[in-house]
Each structure stands twice: as structure tokens, then as C-alpha cells.
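K.L.:
Have a look; sequence and predicted model below, questions after that.
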Amino acid sequence: MSPLADRYGRRFPYLRLSIIPACNFRCTYCLPHGYHAEANAAAPLSLPEITRLLRGFTELGMHKLRITGGEPSVRKDLTDILRTAAAVPGITKLAMTTNGTLLSRHLHEWMDAGLNAINVSVDSLDRAAFARITGHDRLDDILHGVDMALAAGLPSVKLNAVLLRDVNDQQLPAWLDYLRDRRIGVRFIELMQTGDNLSFFHDHHVRAETLEAELLAHGWQVLPRAADAGPAREYRHPDYAGRIGIIAPYSKDFCTGCNRLRVTATGDLRLCLFGEFGIPLRPLLQSDDQVEDLVRAIGGQIGRKEQGHFLHEGRTGITPHLASTGG
Ligand code: SAM
Ligand code: SF4
């Protein structure tokens, strides 16, 4: 079957699958009051349901899978999910985004299961600021886990930091020290407005261009954009082993290179993080002989994908916070 393409010629080799909406952190911009399950909430997809979903997506050309959440490591069968995903023919890159709280404990188990890329969310290298943002004083152990991943030779190790005005937007010197000798990528992400964080967004949103101007002034150079690049603008500097990526969802043309689809923990297909609807795939994940129906259903929906998001107009779609959709 030919790979999936939308009305704008974009292809989707990349799936971001949330495996659980729950989280053990309470990041100020995401779940400031912690995770609370909705009454009568459906259970997350089971391992057999996930396996069928992945088979369907690989038939449509998906080869990169990112496991996310909520916090994926809260799920007890995470290692089984990774092992199963790694064994699905066609999946060549198996990544996970995590807050890193269980990284030092489970790194080797996850790598043995087939994980080959990890993004760890570290919003500040300052212990007190980190604790204020996430609600947990866990920075040292998380950074230890990151160093373990680098030492173990995990092929891709990146950190994510959400830029927050007056909270962590003046901390470039600490990041530069960190990056001098570490072969690691740090991606600074512009805060996005979601259904629940409007006043926080107004108080703390800062354009990533401000940081980019600072980088250029420090001699960092922007790398040419690869044809299959994700949304980050990548910077490097000859004196630093690490790299810096900038993810600026409010910048022009951010959606032009969109190459990803999302599925929520309960099996709803989301064509865009900020879309107005989800398409329930779960009924098509109940037996192995439904894979062709699943493939047809996904293929039939792709024409509904919009050219871009409407965040500039304050339209956040049905996403109350990114933990609900898989950020
Ligand atoms: N719990 C995991 C973690 O924090 O890495 C995975 C899920 S989290 C929703 C995925 C990523 O989305 C994290 O890097 C987080 O910082 C980012 N994120 C969450 N809410 C965001 C927002 N409103 N704007 C920008 N990034 C956000
Ligand atoms: Fe949890 Fe990740 Fe949201 Fe923080 S950003 S509350 S770690 S889901």
C-alpha cells in the first residue's frame, strides 16, 4: 500500500501514541493540580489493541513511533509495550517522551526492549526552579538517568524544555555549560495555549525568537533544514558537543512540514494536536482480522487534516492540556 498523504502533499511516517493520560508530575503549564481521572473514563488501550493499531499504521507507511502520555512510565506494562512495538515489522525508530522519573531505574530494561530514542523533559537545570515547575524535587536523579542513557549509547538522547517567561527564560548560561561536553540535543519549546492554561499562557508565553537572537549573538549557527526534518530549527556551535533545537509553533510555516499523526491513550485518532475532533479507532482494534478496516478508516480520515492550526486565533481545539492528547 502506498504511504498516506494528505490534501497538501504531506506524508505521515511518524505516529505519536499516548499510552496513558495519567502523570506523576504537576507541571504548571500542563497539569498544575496533578492528574485526576474523569469519572467513568475508559481504560487505556490494551497491549493487543496497541499491537493491532501499530500494524495498521505501518501498512500506511509509519516507521517512527513515539510513546508518550501523560507519563508513559506510570504504566506498569511499559516495557512489554516497547518490546511489542519494536517487533512490529516496519517500525525502525522507537522513541519515548518521558519526565524521566523512572529513567535511571529502567533505562537498561527499556533499551533491551528496543527503545532507541528518548526525549526527557527538563525545564530547568536549577533544582529549585525545576521543583517549582514540576511540583517535584527530582532534578538530580533525572539528570543522572540522562547521563546513564548517554553512557549506555542510546542512539538519540534529547531534552525538552518549555520556555516560560520570568520562570526559566533567563537560564541560557547554565544550558551552555551543560552542552559544552555532552553529545545531547536540547529543544526549547514555545509554550502553547491549551484549553486549560489560558491565564498561565498570557503570563508566561515568550516567543522563541528572543532566545534565538541570544544564540546567534553567542556564535551559534542554524543548520540547513533536512527534507524530512521535524518542526525544530537546529543550531550548533563549534565549541559545544551538544546541539540546540527551537520549536516555535507560533512561527510562520510551522505546519508546512507536519509529518505526524497522534492517537490518544483510548484510541482516538487526532489529525492535529489542536484539532476539533477525534476519530475513535478502538472499535477497529478488537480482533486481528480488522486490520484492513482500520487501514481504510485511517486513510479515509486523512483528507480532513487542516493545513495549519488556529492557535494564533486562540483556538485550541479539544485539547484541555497536552497530557490528554500526548504532547
Ligand atoms: N510526561 C511526559 C513528559 O513530560 O515528557 C510526556 C508527555 S508531555 C505532555 C510531552 C511534552 O509536552 C513535554 O516535553 C512537555 O513539556 C510538553 N508540553 C506540555 N504542555 C505543553 C504546553 N502547553 N506547551 C508546550 N509544551 C508542552
Ligand atoms: Fe506530566 Fe509531562 Fe504534563 Fe509534566 S508535561 S504534567 S510530566 S504530562
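P.N.:
Arrived safely, thanks for sending. Ligands and ions are numbered 1, 2, ... in the order given.

K.L.:
When you work out contacts or count neighbours from here on, use the C-alpha atoms and nothing else.
P.N.:
Fine.

K.L.:
May I have the strand or helix carrying Leu211 as CSV, with CA atoms only?
P.N.:
Assigned by DSSP states H and E, Leu211 belongs to helix 208-217. In CSV, the C-alpha atoms belonging to helix 208-217 read as follows (Å, rounded to 0.1, in the frame of the first residue of the first chain):
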residue,chain,number,x,y,z
ALA,A,208,11.4,31.6,21.0
GLU,A,209,12.8,34.2,18.6
THR,A,210,14.1,36.1,21.7
LEU,A,211,16.2,33.1,22.6
GLU,A,212,17.3,32.5,19.0
ALA,A,213,18.7,36.1,18.8
GLU,A,214,20.7,35.3,22.0
LEU,A,215,22.0,32.1,20.4
LEU,A,216,23.1,33.9,17.3
ALA,A,217,24.8,36.5,19.4
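
K.L.:
List of residues touching that helix?
P.N.:
For helix 208-217, contacts defined as Cα atoms under 8 Å, 6 or more residues apart in numbering pick out Leu163, Phe188, Ile189, Glu190, Gln221, Ile246, Ile247, Ala248.

K.L.:
Now the phi/psi pair for the last one, please.
P.N.:
Note on Ala248: backbone dihedrals following degrees, to the nearest 10 are phi -120, psi 80.

K.L.:
residue contacts, the closest residue to it other than its chain neighbours?
P.N.:
Excluding the flanking residues, the one nearest Ala248 by Cα to Cα, 6 or more residues apart in numbering is Glu190, at 5.3 Å. Going by Cα under 8 Å, 6+ apart, Glu190 touches Val162, Leu163, Leu164, His205, Val206, Arg207, Ala208, Ile247, Ala248, Pro249, Tyr250.

K.L.:
any idea which of the residues you listed is the one closest to ligand 2?
P.N.:
Using Cα to the nearest ligand atom, Val162 comes nearest to ligand 2 of these, at 9.0 Å.

K.L.:
picking up where we left off before, any chance of the contacts of Glu190 in TSV, with pLDDT, neighbour count and distance to ligand 1 too?
P.N.:
TSV is the format used below for the contacts of Glu190 (pLDDT from 0 to 100; neighbours: other Cα atoms under 10 Å; distance: Cα to the nearest ligand atom, whole Å):
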residue	pLDDT	neighbour count	distance to ligand 1
Val162	97	22	5
Leu163	97	25	8
Leu164	97	23	9
His205	95	18	9
Val206	94	20	11
Arg207	93	18	12
Ala208	92	21	12
Ile247	93	21	9
Ala248	87	19	9
Pro249	83	20	9
Tyr250	82	17	11
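
K.L.:
Out of those residues, which sit inside strands?
P.N.:
With strands defined by DSSP state E, the entries of those inside them are Val162, Leu163, Ile247.
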